[in-house]
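1. Predicted model follows, preceded by the sequence.
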Amino acid sequence: MMDVTSISKNCTRTEFVGTAVLDTIGLVISGADEQLLRQMGLGMKYRSLGVYSSRTGAAGQLTALDEAVKSTNTEILSVELPRDTKGWGGHGNYAVIGGDTPSDVRRAIEIALSLTDKYAGELYISEAGHLEFAYSSSAGKVLEKAFGAKLGQAFGFLAGSPASIGLVMADNAVKAAEVEIVNYMTPDKGTRHSNEVILAFSGKADNVKEAVLSARQLGLELLIAMGSYPNVPGTSYLG
Amino acid sequence: MMDVTSISKNCTRTEFVGTAVLDTIGLVISGADEQLLRQMGLGMKYRSLGVYSSRTGAAGQLTALDEAVKSTNTEILSVELPRDTKGWGGHGNYAVIGGDTPSDVRRAIEIALSLTDKYAGELYISEAGHLEFAYSSSAGKVLEKAFGAKLGQAFGFLAGSPASIGLVMADNAVKAAEVEIVNYMTPDKGTRHSNEVILAFSGKADNVKEAVLSARQLGLELLIAMGSYPNVPGTSYLG
Amino acid sequence: MMDVTSISKNCTRTEFVGTAVLDTIGLVISGADEQLLRQMGLGMKYRSLGVYSSRTGAAGQLTALDEAVKSTNTEILSVELPRDTKGWGGHGNYAVIGGDTPSDVRRAIEIALSLTDKYAGELYISEAGHLEFAYSSSAGKVLEKAFGAKLGQAFGFLAGSPASIGLVMADNAVKAAEVEIVNYMTPDKGTRHSNEVILAFSGKADNVKEAVLSARQLGLELLIAMGSYPNVPGTSYLG
């Protein structure tokens, strides 16, 4: 019989890179099995894969991974959003990157993990629901693949749950500054049936930031009106 | 850095209408942004939108919204069922209504919120699973859009989780009285992969009520046989 | 008003067969209603239905049901995987079997319930995520319908959440021994948006078992590296 307590919390497997807040784990596969690669349907170009996923949160971690891929010799292969958040109304995330060497993908996953603590600072979870925001001054290929962000433009993201709060924030954001909607999601459209309305938008940096900050203020007022103050797993980074 | 505790629980935003049990919030958008309206895909007829959603429960709140829309100058534009219930096996709800003026939609949302406490009385949540029931003596356009209810006929609804209980209640209901099935949902059919079987049916008032009450008695016996008594967030209103 | 505490936990309904770990309940419908049968879309051959479902876990219970159907005069009609696990990142299960007589299906459900405690022994749930494993020396029609198992061959199953752990286990399993992948699932492919990667495989008994055990060891090391030890609702049965 398996005795799980005989296993150490200090993992020595070569596949293990590290963990971060929000039940985030980063792993590396050095030479992926060919039978498995065919099943994955992500092409046969890379045998070195980086794997990154969290139980809770999507935009923050994907913004971290976006910077990681930009600054390393790696490519984003897939981004998926499971319906998770450990009982809350949103998503987690699951992404696969490829690189020519195990050390390339390991470096990218290390960067993503270290930046995740920062970007998790714009997640607000109360007893009633949650809000998530993200901002990038220059979107890369991870944010393009995940949310349709315009490459090289500033990118903003907002999600609100219960979904009504997300819609009202979305309306507020696009009125606050001139931005272009690149993705609009609801429980039945684009999300994996999460209890959220999500808006992703591109534009000039000042405009995008103003839209995010305006929506955040309104969203927090509405979420708090539901009766409890949110916890913030990181430190708010948008001022 | 954002200090969330500086925000009051007494929301003064014009968008805020109110809250109700089961993490229900009702909001109003007075003049929806055109770029957003196009993304929403609900037509351009209305600029005044009412938004209504909950983390837990669907049939009860939608029965409340059905009465609200019937008694005001508003129209139901969309009903979506997120997979939520805060970790339980069912849905929440997310609905958008339109009206010619902000006061029309605000009035409808106010009515829906006040009736939600009543209709939440037929939700039963135990440690093992949940049951939800609804009854309307005359279904309106919200129940038609959400569940295929026959307009103007009595409407009954049952959901059971784990899904087995829902199926056995469904069989019991249609044997208990002559009713017409208008919607049958399972984890892979119609639901958003909730752990429920759901039956919605129309017919004569006495028959529909008898079918609901018979299924409720059986469902409660089976749910309680799983080892714990359910909580009821409201007050049972079906006798 | 309904007084739920007036109902006994000792259910005397003929529909009730019993319960098992992981909020599993087994029920029987002796003569299913024809209007309901048509809605179910599972054919009209059987009027005696067995219904089996759980809030948490899939492969373990379906392995139990597989043995139950093999050893009785019953047929598997449907297997569905709701997105559930009571707030965790995986599935529950919901299956319907048919038989010529109520006693046939009741016997099968009884067997499935009694075996579920055993097969639940390979489910590991920590604060961060979960792992699930299953092994059958000879897959029957339930495992074929649920996961594409090769009839009569040994069958192995692994699931890991967060999804990254599942992918790394999958790679490990197919390298550990010669097995044939029969199903590969991710949050957006095959699962109901669970936060898992799942691999199902068939092959020779020794190979399949070696693949499962190798992946289990790696998966447990990675899950425990996330900071907490898993609970096991049953007793590990794979050695």
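-> Here it is on my side, so go on.
2. Now do the residue nearest the centre of chain A, the pLDDT please.
-> By C-alpha atoms, centre = their mean, chain A has its centre lying nearest to residue A:58, at 2.6 Å. Among the per-residue scores, residue A:58 holds a pLDDT of 95.
3. Then residue A:187?
-> Residue A:187 is assigned a predicted lDDT (pLDDT) of 97.
4. repeat for residue A:20
-> According to the per-residue confidence, residue A:20 scores 96 in pLDDT.
5. Bridged to it, which residues?
-> With DSSP bridges as the criterion, residue A:20 is bridged to residue A:24.
6. quick one, what contacts it?
-> Contacts here follow C-beta atoms under 8 Å, 6 or more residues apart in numbering or on different chains; on that basis residue A:20 touches A:26, A:54, A:113, A:114, A:116, A:117, A:120. Just so you know, the C-beta spots here come from the backbone N, C-alpha and C atoms, and that holds for glycine as well.
7. For the fifth one, list the residues it contacts.
-> Think residue A:116. Contacts of residue A:116 (C-beta under 8 Å, 6+ apart): A:20, A:21, A:22, A:24, A:54, A:60, A:61, A:64.
8. ok, 10 Å please
-> Listed by C-beta atoms under 10 Å, 6 or more residues apart in numbering or on different chains, the contact set of residue A:116 reads A:18-22, A:24, A:26, A:52, A:54, A:57, A:60-65, A:68, A:233-234.
9. so what's it closest to, chain neighbours aside?
-> Among residues not flanking residue A:116 along the chain, residue A:20 sits closest, at 4.1 Å (C-beta to C-beta, 6 or more residues apart in numbering or on different chains).
10. how much space between the one you found and residue A:124?
-> In this view, residue A:20 and residue A:124 are 18 Å apart by C-beta to C-beta, to the nearest Å.
11. now residue A:77
-> For residue A:77, the distance to residue A:124 equals 31 Å [C-beta to C-beta].
12. Mind checking which of those two has more residues around it?
-> Ranked by neighbour count (other C-beta atoms under 10 Å in any protein chain shown), residue A:77 and residue A:124 place residue A:124 first, with 24 against 19.
13. So that one, which state does it fall into?
-> Per DSSP: H, G, I helix; E, B strand; the rest coil, the secondary structure class of residue A:124 is strand.
14. Just give the nearest non-adjacent residue to residue A:212, would you?
-> Spatial nearest neighbour of residue A:212, excluding adjacent residues (C-beta to C-beta, 6+ apart): residue A:156 at 4.5 Å.
15. and the one you found, what helix or strand is that in?
-> Counting by DSSP states H and E, the element that carries residue A:156 is strand A:154-161.
16. where along chain A do the strands fall?
-> Residue ranges of the strands in chain A, as given by DSSP state E, are A:16-20, A:24-29, A:48-54, A:74-80, A:93-99, A:123-125, A:130-136, A:154-161, A:180-185, A:197-203.
17. can you list the domain ranges for chain A.
-> The record, using automatic domain parsing to delimit domains, assigns chain A the ranges A:12-120, A:124-225.
18. circling back: can I get the strands of chain A in CSV including distance to residue B:137?
-> Rendered in CSV, the data for the strands of chain A read as follows (distance: least, C-beta to C-beta, whole Å):
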stretch, distance to residue B:137
strand A:16-20, 54
strand A:24-29, 51
strand A:48-54, 47
strand A:74-80, 45
strand A:93-99, 46
strand A:123-125, 40
strand A:130-136, 38
strand A:154-161, 33
strand A:180-185, 37
strand A:197-203, 33
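19. out of the ones you listed, nearest to residue C:214?
-> For those, the distance to residue C:214 is smallest for strand A:24-29, at 14.6 Å, taking C-beta to C-beta.
20. about what we covered before: so the residue nearest to residue A:212 is in contact with residue A:150, correct?
-> No - distance between residue A:156 and residue A:150: 11.2 Å, which falls outside the contact criterion (C-beta atoms under 10 Å).
21. And these two? Which one has more around it.
-> Comparing residue A:156 with residue A:150 by other C-beta under 10 Å, the one with more neighbours is residue A:156, at 31 against 16.
22. Can you name the residues bridging to that one?
-> With beta bridges defined as DSSP bridges, residue A:156 has these partners: residue A:135, residue A:201.
23. go on, the one 4 residues further on?
-> Beta-bridge pairing of residue A:160, defined through DSSP bridges, involves residue A:131, residue A:197.
24. Quick one: residues contacting residue A:135.
-> Residue A:135 makes contact with A:59, A:63, A:119, A:122, A:154-158, A:205, A:208-209, A:211-213, A:216, A:237-239 under the criterion C-beta under 10 Å, 6+ apart.
25. at 6 Å instead, please
-> Contacts were defined as C-beta atoms under 6 Å, 6 or more residues apart in numbering or on different chains; by that measure residue A:135 touches A:156, A:209, A:212, A:238.
26. hey, which helix is longest across chain A?
-> Looking only at chain A and at elements set by DSSP state H, the helix with the highest residue count is helix A:205-225.
27. Residues touching that helix, excluding its own?
-> Counting by C-beta under 6 Å, 6+ apart, helix A:205-225 makes contact with A:126, A:129, A:131, A:133, A:135, A:137, A:154, A:156, A:158, A:160, A:165, A:169, A:172-173, A:176-179, B:4, B:7, B:9, B:11, B:13, B:16, all of which sit outside it.
28. Flag every buried residue along that helix.
-> Neighbour-count burial for helix A:205-225, with 16 or more other C-beta atoms under 10 Å in any protein chain shown as criterion, is recorded at A:207-225.
29. How about residue A:86, nearest residue that isn't a chain neighbour?
-> Sequence neighbours aside, residue A:55 is the residue nearest to residue A:86 in space, at 5.3 Å (criterion: C-beta to C-beta, 6+ apart).
30. For that neighbour, grab phi and psi.
-> When read as degrees, to the nearest 10, the backbone of residue A:55 gives phi -80, psi -30.
31. Can you tell me the number of residues neighbouring it?
-> Considering only other C-beta under 10 Å, residue A:55 is surrounded by 27 other residues.
32. Return the per-residue confidence for residue A:162.
-> For residue A:162, the model assigns a pLDDT of 97.
33. With the one 10 residues further on instead?
-> The predicted local confidence for residue A:172 comes out at a pLDDT of 97.
34. Now do the contacts for it.
-> Applying C-beta under 6 Å, 6+ apart to residue A:172 gives the contacts A:214, A:215, A:218.
35. Hmm, residue A:168 and residue A:158 touching each other?
-> No - in this structure, residue A:158 sits apart from residue A:168 without contact. The criterion is C-beta atoms under 6 Å, and the distance is 10.5 Å.
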